[in-house]
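# sequence unavailable; structure follows:
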């Protein structure tokens, strides 16, 4: 793949890998809602993070100005992305790095596996990375006989628990300390059998487990929060320091970075290193911010490769409205304020990217045009309350994007029950006699409503409506029927005598 592919083809390729779900959101959410423990875990965690974020953002009198600046910088990146990518590539190569281009998950995974074999290893240590989750790298490496060791504590918990992440920032947010203890005892080699659920003791157990990996595995794989076009610098921000061990100790470092992660200049980091920690963890400053530029002889990895990943991003960039989703800096602030995510958790979204941004980004990257595509249900996984836009540090108008995706889905949908219902309604309303007959026929529905006055279940195809909401029973008397009664005339006469409407 070359930068020539970053033009606007008539039908840009969509992404592949773990980004496409296999189950519709309503079906998956129904299952997740039945897990009371999961709902308690997620509710407690999101409320805590939300409170911390509000406290540290309110400290800054120019917080809204920072958001506007972040939005502007990212819009500038998207407007001239091909040029910036070429600038970034040249800067990396000039500093001793090697740049690879991957059109999709298959190309990216094959590149990583080839580089690991070239380094003479069958193991890699990994920094937490959404991009590698998106392409399903761990699963691919396993199929190629290469073992990937997650070093982020939450990612390690997910990996050892044979689970999948449920949050962008806190992948194991759905687990409590008792569940983590159980996972460590059953899956972690050399763990103390008397390990308790004290968080400090759990962290110490993971530290001992990972230390050997840091010192012996010669290849590391990372993602990147930002790439600086001006200098070829890569940036990873994290909270534990395990990422820094991966970025400095191995001989070979392979970074997989989505092409939208660029910033034009080193100076632009000033804005994003204020926006990101406050929005993600509710901290004024990120505990560990690691930056590396190419190869430095005798210091750090001596073989550095960066894989620039498209995987549907060009297709998203081609959408004049939907491209705004590419501004996302993966802070997860929208998840922590979303009433839908708080109740269903991340697994219900069936993709690497959960929550409000996932409901926008996943259909954009992977498409939703296939018949019965599960991704097509994601734009409807929202109340459109707008809290996600208020929280977003780069001002992505997620509610408007969700409405646009709903519109696109409706425009491309095959004629079905909804279209037939609208056609029937149009026919009934086109003349007074037909409308009168339709109103009289609707009165039969009162029998279905019963004493409660609500219709809770209808046969297919109307069952799609009543599965999520009740229908009020039709009134005993239509407005037209009331208009022709003596009661109406008496009501109007009383109003006239009292000085009301005549």
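It's in. Keep in mind that this is a model prediction, so the values were computed, not measured. Residues are numbered from 1 along each chain as shown.

# list the buried residues of stretch 379-388.
379, 380, 381, 382, 387, 388 (16 or more other C-beta atoms under 10 Å). C-beta: built from backbone N, CA, C; applies to glycine.

# quick check: buried residues in stretch 168-187?
For stretch 168-187, the neighbour count (16+ other C-beta under 10 Å) marks 168-176, 179-181, 183-184 as buried.

# er, stretch 314-332 I mean
Result for stretch 314-332 [16+ other C-beta under 10 Å]: buried residues 314-317, 319, 322-332.

# redo the buried residues of stretch 379-388 as CSV? Include distance to residue 298, pLDDT and secondary structure.
CSV is the format used below for the buried residues of stretch 379-388 (distance: C-beta to C-beta, whole Å; pLDDT from 0 to 100; DSSP: H, G, I helix; E, B strand; the rest coil):
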residue, distance to residue 298, pLDDT, secondary structure
379, 51, 94, helix
380, 55, 93, helix
381, 51, 93, coil
382, 52, 93, coil
387, 50, 96, helix
388, 46, 96, helix
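
# thinking again about what came up before, and the buried residues of stretch 314-332, which is closest to residue 51?
residue 332 (14.7 Å; C-beta to C-beta).

# pLDDT score for that closest one?
In this model, residue 332 is scored at 93, pLDDT.

# use 48 as the first number for this chain going forward.
Okay, residue one is now 48; in that scheme the one you just asked about reads as residue 379.

# return the distance of it relative to residue 363.
Going from residue 379 to residue 363 by C-beta to C-beta, to the nearest Å gives 19 Å.

# ok, residue 202 next?
With C-beta to C-beta as the criterion, residue 202 and residue 363 are 26 Å apart.

# buried residues, the lengthiest helix in the chain. List them.
Once the chain is assigned using DSSP state H, the helix that runs over the most residues is helix 83-104. The neighbour-count check on helix 83-104 (16+ other C-beta under 10 Å) flags 85, 86, 88, 89, 92, 93, 96, 97, 100, 103, 104 as buried.

# residues in contact with the second one?
By that I understand residue 86. 80, 389, 390, 392 (C-beta atoms under 8 Å, 6 or more residues apart in numbering).

# got a winner among those for most neighbours?
For these, the largest number of neighbours (other C-beta atoms under 10 Å) sits with residue 392, at 26 neighbours.

# got the contact list for that one?
Residue 392 sits next to 79, 82, 85, 86, 89, 213, 220, 221, 401 when contact means C-beta under 8 Å, 6+ apart.

# before we move on, back to that, how far away from the center of its chain is the longest helix of the chain?
Here helix 83-104 shows a centroid-to-chain-centroid distance of 17 Å under the convention C-alpha atoms, centre = their mean, to the nearest Å.

# right, and the helix or strand after it?
Going down the chain from helix 83-104, the next helix or strand is helix 110-126, by DSSP states H and E.

# how about residues contacting that next one?
Outside helix 110-126, the residues that touch it by C-beta under 8 Å, 6+ apart are 104, 107, 131, 307, 309-311, 315, 318-319, 321-322, 364, 370, 373-374, 376, 439-442.

# just the buried members of those?
104, 131, 307, 309-311, 315, 318-319, 321-322, 364, 370, 373-374, 376, 439-442.

# returning to what we had before: ok, the buried residues of stretch 426-435 vs residue 142, which is closest?
residue 435 (38.0 Å).

# how far away is residue 416 from residue 499?
41 Å.

# ugh, wrong one, I meant residue 285
Distance of residue 285 to residue 499, computed by C-beta to C-beta: 54 Å.

# next one: residue 482, what pLDDT does it get?
The model's pLDDT for residue 482 equals 83.

# now do the one 10 residues further on
According to the per-residue confidence, residue 492 scores 71 in pLDDT.

# before we move on, what about residue 420?
What the model reports for residue 420 is a pLDDT of 84.

# that one and residue 414 touch, don't they?
Yes - the pair residue 420 / residue 414 is scored as a contact, 7.3 Å apart, by C-beta atoms under 8 Å.

# of these two, who's got more company?
Counted by other C-beta under 10 Å, residue 420 and residue 414 do not tie: residue 414 has more neighbours, with 20 against 17.

# grab the nearest non-local neighbour of that one.
Nearest non-adjacent residue to residue 414, counting by C-beta to C-beta, 6 or more residues apart in numbering: residue 61, 4.1 Å away.

# if we can go back for a sec, now do the longest helix of the chain against helix 110-126, angle only.
Angle, helix 83-104 to helix 110-126, by axes from the mean of the first three to the mean of the last three C-alpha atoms, to 10 degrees: 100 degrees.

# kindly provide the distance from residue 179 to residue 136.
Residue 179 is 20 Å from residue 136, by C-beta to C-beta.

# what does residue 329 give?
Separation of residue 329 from residue 136 (C-beta to C-beta): 36 Å.

# next: residue 130.
Distance, residue 130 to residue 136, by C-beta to C-beta: 11 Å.

# please apply the same query to residue 347.
21 Å.

# with residue 331 instead?
Taking C-beta to C-beta, one finds residue 331 at 34 Å from residue 136.

# ditto for residue 459
Distance, residue 459 to residue 136, using C-beta to C-beta: 36 Å.

# looking at those two, which is more packed in?
Between residue 459 and residue 136, counting by other C-beta under 10 Å, residue 136 is the more crowded of the two (20 against 10).

# correct me, but the more buried one touches residue 146?
Yes - the criterion here is C-beta under 8 Å, and residue 136 meets it with residue 146 at 4.6 Å.

# now for those two: what residues contact both?
Common neighbours of residue 136 and residue 146 (C-beta under 8 Å, 6+ apart) are residue 355.

# nearest spatial neighbour of residue 332, skipping sequence neighbours?
Using C-beta to C-beta, 6+ apart, the nearest residue to residue 332 is residue 324, at 5.9 Å.

# need phi/psi at the one you found.
With angles defined as degrees, to the nearest 10, residue 324 sits at phi -70, psi -40.

# run a quick neighbour tally on it.
21.

# list the contacts of it.
284, 330, 331, 332, 333.

# of all the contacts of residue 86, which two lie farthest apart?
Taking C-beta to C-beta, no two of the contacts of residue 86 sit farther apart than 80 and 389, at 11.2 Å.
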